[in-house]
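S.K.: following is a predicted model, sequence given first.
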Amino acid sequence: MITTVAVAGSTGSIGTQTLDVVRAEPDRFRVTALAAWSSLDLLAAQAQEVRPEVVVLADPDADPARVAELAGRLPAGTELRTGPAALAEIGTGTDVCVNAVVGFAGLEVTLATLAAGRRLALANKESLIAGGPVVQAALARPGAGHIVPVDSEHCAVHQCLRANASGEASRVARIVLTASGGPFRGRSRADLADVTVADALAHPTWSMGPKITVDSSTLMNKGLEVIEAHELFGVPYDRIEVVVHPQSIVHSMVELTDGATIAQLSQPDMRGPIGYALAWPDRLTTPFGRLDWAATNRLDFEAPDHVAFPCLGLAYEAGRAGATAPAALNAANEVAVAAFLEGRLAWSAIPDVLKAVLDGHDLGVADGIEAIVEADGRARDAARRVIAQGLLERTAR
Ligand code: NAD
Ligand code: MG
């Protein structure tokens, strides 16, 4: 049986690797829908290759001349749709929807896919972090779809949890998420005052899109993943821990109440987790890299440095506060990372922006998508104000 696949965010790091997995097992998977925001040349080339039923250009303000050009480059039989509503719908008619959009923009894809009863292969952690309560409500509706995580740590935990055959959540003593530590591991706060965009983008073990790469450098990515783990597996924050593991071979662990720790190990290659989510509950027959035990002579583990990387603690704080706090944290982080990438904010000021926004955020009840979107917008405005103020202070000095 062929599994049909929609890829939201097909031109990005996870999106292009999803097509790699499909190429490796073409008798098993067929891509029938593609969506992206930009990179129209790549989108057209992907469409020529996979001949999907639909291609979505998510940007509602895309230059009409470019849209017409894209339409002209699609294969016969492929329909072009544009705008956010078309993006949201992309995975409502396929067996699996890979949500590989970056940022809060992925929320509607998550919700529509689950509402349609489909499997959501979730890379877009931001939608689950910001929209946690709303996504939980969507998952609880009769006929809802389900999530198989693509984020490598959560994919690992999903696999390790199979060892808890009773399915009793109370038998999970703790989840231990591993972190590579990013490019600045081992450096002190003082030592990190002047890091550049190029420094932050030089990740030691993973090659990813710019937003998540910056998040990895601040450990915000791990903070977001702590909230993601809480939402996916229903484990309280006191029982979710982070350990730095520079080799990125152990992708995460689950400790059960009898003291047994189950770990998932593989090469750091996102095609593994993507393939897991596509093939689930079966397995791919293609290994994207295998471990060579003679070459893997050590696996190191160390505690994270909360002083040099305050974002991790801020994420625990927002997660424990619940309601709209994770949405506010996520929004402030998206604004701060964009400002850093554009050279308008120092790397070391990213946690300051997040802290200021969280401290000033009035916790709203996250009882619907409107409340989440409102909290997200409010936090974005607050973050922009904090950043602008910071700039004024700096020029005044
Ligand atoms: P990326 O920047 O490489 O790609 C993002 C994709 O989303 C592109 O196709 C882009 O066109 C599209 N996009 C951007 N803005 C959009 C919008 N407003 N609406 C619709 N589409 C939009 O990002 P990535 O590294 O592939 O990451 C995608 C998601 O996967 C993120 O949530 C990230 O945290 C998560 N993730 C990535 C990795 C990785 O290895 N890259 C690992 C784990 C999790
Ligand atoms: Mg991850």
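M.R.: Received it, and whenever you're ready, just let me know what you need. Ligands and ions are numbered 1, 2, ... in the order given.
S.K.: tell me, how many residues neighbour the residue of the stretch 201-350 of the chain found nearest ligand 2?
M.R.: Residue nearest to ligand 2 within the stretch 201-350 of the chain: residue 225 (5.5 Å; CB to the ion). Quick note: C-beta positions are derived from backbone N, CA and C, even for glycine. Neighbour count of residue 225, defined by other CB atoms under 10 Å: 29.
S.K.: swap in residue 233?
M.R.: There are 18 residues near residue 233, going by other CB under 10 Å.
S.K.: how about it, phi and psi?
M.R.: Residue 233 has phi and psi values of phi -110, psi 0 when expressed as degrees, to the nearest 10.
S.K.: tell me the contacts of it?
M.R.: By CB atoms under 8 Å, 6 or more residues apart in numbering, the residues touching residue 233 are 154, 157, 161, 169, 172, 175.
S.K.: now do residue 224
M.R.: With CB under 8 Å, 6+ apart, residue 224 has these contacts: 125-126, 129, 215, 315, 330, 333.
S.K.: export the residues you listed to a markdown table and append columns for pLDDT, distance to residue 291 and secondary structure.
M.R.: Formatted as a markdown table, the contacts of residue 224 follow (pLDDT from 0 to 100; distance: CB to CB, whole Å; DSSP: H, G, I helix; E, B strand; the rest coil):
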| residue | pLDDT | distance to residue 291 | secondary structure |
| --- | --- | --- | --- |
| 125 | 97 | 26 | helix |
| 126 | 96 | 31 | helix |
| 129 | 97 | 31 | helix |
| 215 | 97 | 27 | helix |
| 315 | 98 | 30 | helix |
| 330 | 98 | 34 | helix |
| 333 | 98 | 33 | helix |
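S.K.: just those that are near ligand 1?
M.R.: Restricting those to those adjacent to ligand 1 (criterion: CB under 6 Å from any ligand atom) gives 125-126.
S.K.: what two of the contacts of residue 224 are the furthest from one another?
M.R.: Farthest-apart pair in those is 126 and 315; separation 12.4 Å (CB to CB).
S.K.: quick check: pLDDT value at the residue of the stretch 201-350 of the chain closest to ligand 2.
M.R.: Looking at residue 225, its pLDDT stands at 98.
S.K.: so is the helix or strand where it lies next to ligand 1?
M.R.: According to DSSP states H and E, residue 225 maps onto helix 220-233. No: if you take CB under 6 Å from any ligand atom as the test, helix 220-233 misses ligand 1, and the best it gets is 7.1 Å.
S.K.: any idea which helix or strand comes after that helix?
M.R.: strand 240-244.
S.K.: what is the neighbour count of the closest residue to ligand 1 within the stretch 251-397 of the chain?
M.R.: Using CB to the nearest ligand atom, the single residue of the stretch 251-397 of the chain nearest to ligand 1 is residue 270, 4.4 Å away. Close neighbours of residue 270, defined as other CB under 10 Å, add up to 23.
S.K.: do the same with the one 10 residues further on
M.R.: Neighbourhood size, residue 280 [other CB under 10 Å]: 18.
S.K.: any idea how far residue 225 is from it?
M.R.: 20 Å (CB to CB, to the nearest Å).
S.K.: before we move on, what about residue 219?
M.R.: 10 Å.
S.K.: quick one: the residue of the stretch 151-300 of the chain found nearest ligand 1 from residue 346, how far?
M.R.: For the stretch 151-300 of the chain and ligand 1, the shortest gap (CB to the nearest ligand atom) falls at residue 209, measuring 2.6 Å. Separation of residue 209 from residue 346 (CB to CB): 22 Å.
S.K.: any stretches of this protein with poor pLDDT?
M.R.: 391-397 (pLDDT under 70).
S.K.: which residues sit in contact with the residue nearest to residue 337 when sequence neighbours are not counted?
M.R.: Closest residue to residue 337 apart from its sequence neighbours, by CB to CB, 6 or more residues apart in numbering: residue 214 at 4.8 Å. The neighbours of residue 214, taking CB under 8 Å, 6+ apart as the test, are 200-201, 337, 340-341.
S.K.: mind putting the residues you listed in CSV, distance to residue 43, secondary structure and neighbour count included?
M.R.: Below are the contacts of residue 214 laid out as CSV (distance: CB to CB, whole Å; DSSP: H, G, I helix; E, B strand; the rest coil; neighbours: other CB atoms under 10 Å):
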residue, distance to residue 43, secondary structure, neighbour count
200, 27, helix, 24
201, 24, helix, 15
337, 24, helix, 25
340, 27, helix, 25
341, 22, helix, 16
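S.K.: show me the two of these that sit farthest apart.
M.R.: Farthest pair in the contacts of residue 214, by CB to CB: 201 and 337, 11.3 Å.
S.K.: so which strand or helix has residue 147?
M.R.: Secondary structure (DSSP H and E) places residue 147 in strand 146-149.
S.K.: show me what that strand is in contact with.
M.R.: 114, 119-122, 128, 139, 155, 157-158, 228, 232, 273, 276-277, 280.
S.K.: any residue of that strand touching ligand 2?
M.R.: No: if you take CB under 5 Å from the ion as the test, strand 146-149 misses ligand 2, and the best it gets is 9.2 Å.
S.K.: can I get that strand as PDB, trimmed to CA atoms?
M.R.: Coordinates of the C-alpha atoms in strand 146-149 are reproduced here as PDB (Å, rounded to 0.1, in the frame of the first residue of the first chain):
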ATOM      1  CA  HIS A 146      -2.400  11.700  15.900                       C
ATOM      2  CA  ILE A 147       1.100  13.000  16.100                       C
ATOM      3  CA  VAL A 148       4.300  11.200  15.400                       C
ATOM      4  CA  PRO A 149       7.200  13.500  16.300                       C
END
